[in-house]
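Trainee: Sequence plus the predicted model coming up.
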Amino acid sequence: MKILVIGLDGAAPEILLEDDRLANIRCLMEAGCYGRLESIVPPITVPAWLCMSTSRDPGSLGVYGFRNRVDRSYDKQAMVESRTVGDLTIWDQVAREGKRSIVMGVPPGYPARKVNGVAVGCFLTPDPAKNVYTHPAGLRDTIARLVGDYPVDVTGFKTGDKNKMLADVDAMTRKQFTVLRHLLKEEDWDYAQFVSIGLDRLQHGFWSHHDPLHVRHRSDSPFQDAIRDHYLQLDEEIGRLLEMIDDETVVMVLSDHGARRLDGGFCINQWLVEQGLLALGKYPEQVTPFGKLDVDWDRTSAWSEGGYYARVYLNVKGREPRGTIDRADYERVRDDLKARLEATTDAEGRPLGTLVFRPEEVYREVRGVAPDLIVHLGGLAWRSVGGVGYPTLHVQEDETGPDDCNHSQHGAFVLAAPGLGPIGEVEGAHLLDIAPTLLELGGYDVPPSMQGKSLVSGRVARIAAGLDGVADDDELVRSRLGGLGYLS
């Protein structure tokens, strides 16, 4: 049984699952099951897609963001790439059972994964015109003949030129789906997974035009429908894919996280300076990124990295090179900092509603150099700004440019499979449940390394036994899923 997975980075459940104009999504929903999909902590593209593909949480993978500390020094960080972790993925399990895959645009996907099949790199590819971003390498030439220059991302999506951004995302999306259709038609495949990044880019650029509750919303904006129009474009592209596959193919559409309005940026390192926890040899005269600050590590207790969320690190004696916190005081200091962060306020003194997580409490394992605290400022209504020198702790823009949107904790999924039958809405689904679900539906073994559980547990066995079609079958499915906490 073939499996086709269509990833829409950042797709919001309130649009994907509720806009009746998305006709092809509606057809899949009516044929199978769907629901909100809880993402990982933190809900960001990397590591979320890697967690989905491995069914392992960020701590178990040792990947906490796009960049991660290499060691306990203060300045060594490395970008995540496809070779960062070697944990078993869905396509690895498919290959172990002698089957072939198409893996296209799935982060982190550069260098191109050497899968049993074909692979096309993701937006982390530095320059597809200069770098080999496909496996096998010759596939790059085929793509060039098919669509010309192949865009892995849009450049400068944090821009004020909204018309150019719309055109760039539209062109990228069309080219990527053209390549995907070509691969589905020409390649021998059993499992195919594709991630479209354009929606995430559009939402970051246009959410204030879309959301009337956004602090910068303009009711007369000519771009009010830009986001929903792109959902319609994606629905049309999905319809063209559905025309290419047979009735014996499992189809899943999902997002790695959702989207929500961004009220502003909170200058967390500047706040740490004000709290007396981050010491500077000289306070900057202008806005300065954290990496260029004159940090006095011998007087510093804490500092922060991050963007859409904050990773806060403590400067611990015997752990960091110039640590200041005694190991015996670690938990006390961490608890105090957690309480201070949870008490942060907006510019008017109202509580932000900041959420603070200890890694060991949200992950099964904690590998690599993990943050001491993971911080969702304002419950992700605010992003983390790492620079120091702003006139206030609360800003509307930072050095990275304008940004309308942050990620939300819940994405969405829609699943249709042969014999599954219409189940309807499923509650309690988690991103880590996707890989076990797909493997079970495809008839593959689920590796013990995977941490999620199948959303259709028990259903596949009944299909194989020829019990589908029993009058009370759907009620039985609902009962079993309800017992697992998936249905209300």
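Mentor: Received the coordinates, thanks.

Trainee: From here on, just use CA atoms for contacts and neighbour counts.
Mentor: Fine.

Trainee: mind listing what's buried in the host helix or strand of residue 15?
Mentor: Taking DSSP states H and E as the criterion, residue 15 maps to helix 13-16. For helix 13-16, burial by neighbour count (16 or more other C-alpha atoms under 10 Å) applies to 13, 16.

Trainee: quick one: contacts for residue 429?
Mentor: 35-38, 455, 486 (C-alpha atoms under 8 Å, 6 or more residues apart in numbering).

Trainee: Who are the packing partners of the lengthiest helix in the chain?
Mentor: Longest helix in the chain, counting residues (DSSP state H): helix 162-186. If you count contacts as 3 or more C-alpha pairs under 8 Å, 6 or more residues apart in numbering; DSSP states H and E, helix 162-186 packs onto strand 101-104, helix 139-147, strand 191-196, helix 198-210, helix 226-242.

Trainee: Minimum distance to residue 279: which of those has it?
Mentor: For the helices and strands packed on helix 162-186, the distance to residue 279 is smallest for helix 198-210, at 33.1 Å, taking C-alpha to C-alpha.

Trainee: Show me the contact partners of that closest one.
Mentor: Helix 198-210 has contacts (C-alpha under 8 Å, 6+ apart) with 8-11, 153-154, 157-159, 162, 165-166, 169-170, 172-173, 214-219, 221, 223-227, 230-231, 259-261, 402-406.

Trainee: tell me the contacts of the closest residue to residue 102 other than its chain neighbours?
Mentor: Excluding the flanking residues, the one nearest residue 102 by C-alpha to C-alpha, 6 or more residues apart in numbering is residue 192, at 4.5 Å. Applying C-alpha under 8 Å, 6+ apart to residue 192 gives the contacts 3-5, 101-104, 184.

Trainee: can you put those in JSON lines and add neighbour count, pLDDT and distance to residue 141?
Mentor: What follows is the contacts of residue 192, written out as JSON lines (neighbours: other C-alpha atoms under 10 Å; pLDDT from 0 to 100; distance: C-alpha to C-alpha, whole Å):
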{"residue": "3", "neighbour count": "22", "pLDDT": "98", "distance to residue 141": "27"}
{"residue": "4", "neighbour count": "23", "pLDDT": "98", "distance to residue 141": "24"}
{"residue": "5", "neighbour count": "18", "pLDDT": "98", "distance to residue 141": "25"}
{"residue": "101", "neighbour count": "25", "pLDDT": "98", "distance to residue 141": "20"}
{"residue": "102", "neighbour count": "24", "pLDDT": "98", "distance to residue 141": "17"}
{"residue": "103", "neighbour count": "29", "pLDDT": "98", "distance to residue 141": "17"}
{"residue": "104", "neighbour count": "25", "pLDDT": "98", "distance to residue 141": "16"}
{"residue": "184", "neighbour count": "18", "pLDDT": "98", "distance to residue 141": "17"}
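
Trainee: Could you work out the most separated pair of those?
Mentor: Going by C-alpha to C-alpha, the pair spanning the contacts of residue 192 furthest: 3 and 104, at 13.9 Å.

Trainee: Just confirm residue 423 contacts residue 28, I think it does.
Mentor: No - with contact defined as C-alpha atoms under 8 Å, residue 423 and residue 28 do not form a contacting pair (11.2 Å).

Trainee: want to throw the helices and strands packed on helix 162-186 into JSON lines with distance to residue 90?
Mentor: Compiled in JSON lines, the helices and strands packed on helix 162-186 are given as follows (distance: least, C-alpha to C-alpha, whole Å):
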{"stretch": "strand 101-104", "distance to residue 90": "9"}
{"stretch": "helix 139-147", "distance to residue 90": "22"}
{"stretch": "strand 191-196", "distance to residue 90": "9"}
{"stretch": "helix 198-210", "distance to residue 90": "24"}
{"stretch": "helix 226-242", "distance to residue 90": "21"}
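
Trainee: Of the ones you listed, which stretch is the most buried?
Mentor: Mean neighbours per residue, mean count of other C-alpha atoms under 10 Å, is largest over the helices and strands packed on helix 162-186 for strand 101-104, with a mean of 26.

Trainee: Please spell out which residues along the following helix or strand past that one are buried.
Mentor: Per DSSP H and E, strand 101-104 leads on to strand 117-120 as the next helix or strand towards the C-terminus. By neighbour count on 16+ other C-alpha under 10 Å, the buried set for strand 117-120 is 117-120.

Trainee: same thing with stretch 395-404?
Mentor: If you call a residue buried by 16+ other C-alpha under 10 Å, then stretch 395-404 has these buried ones: 395-396, 398, 402-404.

Trainee: got the domain boundaries for the chain?
Mentor: According to automatic domain parsing, the chain is divided into the following domains: 2-261+408-463, 264-402.

Trainee: which of those domains sits most buried?
Mentor: domain 2-261+408-463 (a mean of 20).

Trainee: quick check, distance from that domain to the centre of its chain.
Mentor: 9 Å (C-alpha atoms, centre = their mean, to the nearest Å).

Trainee: hang on, residue 132 packs against residue 141?
Mentor: No - the pair residue 132 / residue 141 is not scored as a contact, 10.0 Å apart, by C-alpha under 8 Å.

Trainee: Give me the phi and psi for residue 42.
Mentor: For residue 42, the backbone dihedrals are phi -90, psi 150 (criterion: degrees, to the nearest 10).

Trainee: List the residues that contact it.
Mentor: 64, 309, 374, 376.

Trainee: The first one should be in a strand, yeah?
Mentor: Meaning residue 64. No - looking at residue 64 with DSSP: H, G, I helix; E, B strand; the rest coil, it is coil, so not inside a strand.

Trainee: please begin residue numbering at 659 from this point
Mentor: Got it, the first residue is 659 from now on, which makes the last one we talked about residue 722.

Trainee: my read: it touches residue 1028, true?
Mentor: Yes - shown here, residue 722 and residue 1028 form a contact pair, counting by C-alpha under 8 Å, at 7.0 Å.

Trainee: Which of the three states applies to the closest residue to residue 963 other than its chain neighbours?
Mentor: Using C-alpha to C-alpha, 6+ apart and skipping the chain neighbours, the partner closest in space to residue 963 is residue 969 (5.1 Å). Following three-state DSSP, residue 969 is assigned to strand.

Trainee: which ones are touching residue 969?
Mentor: By C-alpha under 8 Å, 6+ apart, the contact set of residue 969 is 962-963, 1029-1033.
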